[in-house]
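Asker: Turn this into a model:
(2 chains)
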Amino acid sequence: MKLSCEVDVHHLTRVEGHGNINISIKNGVVKKAQWEVIETPRFFEAMLVGKHWENAPYICGRICGICSIGHTLASIRAVENAFGITPSTQTADLRLLLKHMETLQSHILHLYFLAAPDFLGVGSVLPLAKTHPEVVQRALRLKLLANDACDIIGGRRLHPTRTVVGGFTMLPEKGELEKIRQRLMASIPDLLASAELFKTFAIPDFSRETEFVSLKGEINYPFIGGGLVSTDGVVKKEHQYRAMTNEYCKKGFTSKLSKLSRPSFAVGALARLNNNFTMLHPTAREISKFLGLMPVNHNPYMSNVAQLVECVQVVLDSVQLIDILLGSPWQEARQPVKAKQGEGVGAVEVPRGILYHYYKFDKDGKVIKADCVIPTSQNHANILHDIEALANQYAKNGKKDREIELLAEMLVRAYDPCISCSVH
Amino acid sequence: MSPQLSYLGVPLARPKVGFFELSSCEGCQLQLLNNEATLLDFLNLVEIVNFREGMSERADTYDIAFVEGSVTRKDEIARLTAIRKNAKILVALGSCACFGGVNQLKNRFRDLDWVKKEVYGDFPIETMEVHPLKDFVQVDLEIFGCPIKKEEVERIVTDLVVGKAVHHPEYPVCMECKANENICLFELGEPCLGPITRAGCDSWCTSNRRGCWGCRGPAEGANFKQLEEIMHTYGFSSETILDRLECFGGFASFADAVRSPNKKTPARRKKS
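Answerer: Below is the predicted model of the structure:
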């Protein structure tokens, strides 16, 4: 039996950004099991210093090319909280709808384009266009729906144009929202087919107990603002986010890392679901059960399944939001903004987990201090510990190098890491 | 994957294409996947041999290299030089690659140590002044925008594949905005660089009532002095103008002129 293994993955593929995996096993003993983040930092928090408040969401949205809407909304929320602005119900509903469509877009991108190829034994989605055309067409249909909805509400699917402090620069046509509603209803069979597909995938049997951090829903499955919670029982308010993130630096890492009650914790779809399972729509809950996902689940590979359950959740909730929006005449798109001295935090559940933006403003509304804590940076330590545990679990059972390499790659991919975002 | 494509009766070779990223949000590459309706057609036109964000296979020979992002660390210069060596055509993809993009906002601070300390405290971290690709290698083609406009990229790639010359609009966003019958944003109280920014985005932001921030850089013959006058007439401060001019790096020389008004203003950009 082969009990030694060398895995050296330089610039892991099918993830956003640059990360390396190194595993070395000698005679059944793990010598090294590392996750390295070497992405170049861009220093967004420094860029903002001295800038007028209106720059913050515009610039910070550009931290990430996948969840630019989430960053923009977290940034706007932080500014509004600092200035004491409460968004109108209409604005809040439209923002949540926009957020849902980004979640759908990002989850579908990850599930079908980045994660599924591993389960189907191919290197990318490209060969699937030939072997599984119906799967690729379904993925494209769902992604197109989500992206079209982002265009209609946010003005643009990437780096949105209409989202501003105080509301929106303009509102969608009601007829367009009605069409999105019809397409959302028509997408439900596609989501059920996705669940059937993922049911056939062999999710690796691996589990490591950890702490899960997310927003805590009051009545609804949470996405924008509210209390912070962990499965180890830590409860904090939104403005106390630093007590939840405890950021620190580490050699070989250009991203900061986080810890809470244990050496690491996890954020993301699995964390949200573990903390808020009862608030899921009954159909989403059924699908979660169908796919064998019940809280609290400690298998990181199940994050894929949690994302799929959330796709169902956001589609069903979006239909309800559109019904509310279509049920009353449009109000003002935007409320006036008056800058004032102070600080504000915006916590938003973006596809990869909880995201915090914090700004401190002087009396002219200029940024004195900025802080952005990214979901993937909160996950890095957990990924690191998972890789160690994975290497230890497989060190003694003679798996081939390539098998361990693939398991480690799939593990990192399951977190759907957004590495350049985590470094920002 | 597909039947042989031809153009005007001439069979087309599917060029090998690689996508690469330096310091960036990787959004411009994602814009290509954001092309659901035309993605499969697009994939027929080229053979993608290197796309780390989307596929595991990698090859080091390619006809066209699309490089996203700007250079912000020394090792990126070596990566860029290697890509340049392997590629017949190197395309700068998006505003970060063309001008430095939002990343170059950190160049506002002369003291890089302060920048590092502000974000990482005393933890040592490596970075350098932000540069566009053209400061280190020959760039054959620039595709502007933050983000890039997918329709424009598809047109440009199609032109490259069929061997047509690639042209960018020389006129400003203002022309497209007028053609789209929008109310002028100045009338709505919104500052805008539309009159001096290069068109090609089909007035993406201004059609959504968001003023232009100049992500595509200056139009040919951009009349900055006139724009400055308009902005002041509508009551916008020099700071508001500067925020937009310095955001993506395309207007760097214009921004310098606003910062130090005593120096000579680049009133009209010479046609290149």
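Asker: How many neighbouring residues does the residue of chain A found nearest chain B have?
Answerer: Proximity of chain A to chain B (Cβ to the nearest Cβ) peaks at A:G65, 2.4 Å away. Every C-beta, even on glycine, is put in place using the N, C-alpha and C of the backbone. Using other Cβ atoms under 10 Å in any protein chain shown, A:G65 is surrounded by 27 other residues.
Asker: In space, what's closest to it - neighbours in sequence excluded?
Answerer: B:G27 (2.4 Å; Cβ to Cβ, 6 or more residues apart in numbering or on different chains).
Asker: Relative to B:C212, how far out is the one you found?
Answerer: 18 Å (Cβ to Cβ, to the nearest Å).
Asker: tell me the mean pLDDT for the helix or strand hosting A:I69?
Answerer: In this assignment (DSSP states H and E), A:I69 forms part of helix A:68-83. Here helix A:68-83 scores 98 as its mean pLDDT.
Asker: Helices along chain B, start to end?
Answerer: B:27-33, B:39-45, B:74-86, B:95-99, B:112-120, B:150-162, B:173-179, B:224-233, B:238-245, B:252-259 (DSSP state H).
Asker: can the third one be found next to chain A?
Answerer: Yes. Against chain A, helix B:74-86 shows contacts by Cβ under 8 Å from any Cβ of the partner chain at B:E76.
Asker: tell me what that helix is packed against?
Answerer: Contact here means 3 or more Cβ pairs under 8 Å, 6 or more residues apart in numbering or on different chains; DSSP states H and E; on that basis helix B:74-86 packs against strand B:16-21, strand B:62-68.
Asker: before we move on, what about the fourth one?
Answerer: Applying 3+ Cβ pairs under 8 Å, 6+ apart, one finds that helix B:95-99 makes contact with strand B:62-68, strand B:141-143.
Asker: ok so, going back, relative to chain A, which of the helices and strands packed on helix B:74-86 is closest?
Answerer: strand B:16-21 (7.9 Å).
Asker: can you give me the offset of that closest one from its chain's centre?
Answerer: 16 Å (Cα atoms, centre = their mean, to the nearest Å).
Asker: Pairing partners for it, with directions?
Answerer: strand B:47-51 (parallel), strand B:62-68 (parallel) (DSSP bridges).
Asker: Among those strands, show me which one is buried the most.
Answerer: Highest mean neighbour count of the strands paired with strand B:16-21: strand B:62-68, a mean of 25 (counted as mean count of other Cβ atoms under 10 Å in any protein chain shown).
Asker: Can you pull out the residues in contact with that one?
Answerer: B:15-22, B:24, B:26, B:28-29, B:46, B:49-50, B:80, B:83-84, B:86-94, B:96-97, B:133, B:157, B:160 (Cβ atoms under 8 Å, 6 or more residues apart in numbering or on different chains).
Asker: What is the helix or strand bottoming out on mean pLDDT in chain A packed up against?
Answerer: When the helices and strands of chain A are scored by mean pLDDT, DSSP states H and E, helix A:128-131 comes last with a mean of 90. The contact analysis (3+ Cβ pairs under 8 Å, 6+ apart) places helix A:128-131 against helix A:133-154.
Asker: if we can go back for a sec, kindly reformat the helices and strands packed on helix B:95-99 as TSV containing mean pLDDT.
Answerer: Converted to TSV, these look like this (pLDDT from 0 to 100):
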stretch	mean pLDDT
strand B:62-68	94
strand B:141-143	96
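Asker: Of all those, which one comes closest to A:K174?
Answerer: strand B:141-143 (35.6 Å; Cβ to Cβ).
Asker: So which other helices or strands are in contact with the closest one?
Answerer: Using 3+ Cβ pairs under 8 Å, 6+ apart, strand B:141-143 sits against strand B:87-93, helix B:95-99, helix B:150-162.
Asker: what's the average pLDDT for the longest one?
Answerer: Translated: helix B:150-162. 87.
Asker: That helix to strand B:16-21, inter-axis angle?
Answerer: Counting by axes from the mean of the first three to the mean of the last three Cα atoms, to 10 degrees, helix B:150-162 lies at 140 degrees to strand B:16-21.
Asker: Quickly check: helix B:150-162 near chain A or not.
Answerer: No. With Cβ under 8 Å from any Cβ as the criterion, chain A is not reached by helix B:150-162; the gap is at least 9.4 Å.
Asker: and if you look at stretch B:123-134?
Answerer: Yes. Using Cβ under 8 Å from any Cβ, stretch B:123-134 comes into contact with chain A via B:123, B:125, B:127.
Asker: Now the second one. Nearest residue, chain neighbours left out?
Answerer: Read it as B:I125. Going by Cβ to Cβ, 6+ apart, B:I125 has B:K116 as its nearest residue, at 5.5 Å.
Asker: again with the first one
Answerer: With Cβ to Cβ, 6+ apart as the measure, A:C249 is the residue that lies nearest to B:F123, at 3.8 Å, once sequence neighbours are left out.
Asker: Just the buried residues of the helix or strand containing A:G175, please?
Answerer: Using DSSP H and E, A:G175 falls within helix A:174-199. Under the neighbour-count criterion of 16 or more other Cβ atoms under 10 Å in any protein chain shown, helix A:174-199 has A:177, A:180-181, A:183-184, A:187, A:190-191, A:194-195, A:197-198 buried.
Asker: And chain B, is the strand or helix carrying A:I368 touching that?
Answerer: Here A:I368, judged by DSSP H and E, is contained in strand A:367-373. No. Using Cβ under 8 Å from any Cβ, strand A:367-373 stays clear of chain B, coming no nearer than 8.6 Å.
Asker: Parallel or antiparallel, list what pairs with that strand.
Answerer: In the sheet, strand A:367-373 lines up with strand A:353-361 (antiparallel) (DSSP bridges).
Asker: could you dump the partner strand to PDB, C-alpha only?
Answerer: Only the C-alpha atoms of strand A:353-361 are listed here, as PDB (Å, rounded to 0.1, in the frame of the first residue of the first chain):
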ATOM      1  CA  GLY A 353     -20.700  34.300   3.500                       C
ATOM      2  CA  ILE A 354     -21.000  37.300   5.700                       C
ATOM      3  CA  LEU A 355     -19.400  40.500   4.500                       C
ATOM      4  CA  TYR A 356     -18.700  43.600   6.600                       C
ATOM      5  CA  HIS A 357     -18.000  47.100   5.500                       C
ATOM      6  CA  TYR A 358     -17.100  49.700   8.000                       C
ATOM      7  CA  TYR A 359     -16.400  53.400   7.500                       C
ATOM      8  CA  LYS A 360     -15.600  56.400   9.800                       C
ATOM      9  CA  PHE A 361     -16.400  59.800   8.400                       C
END
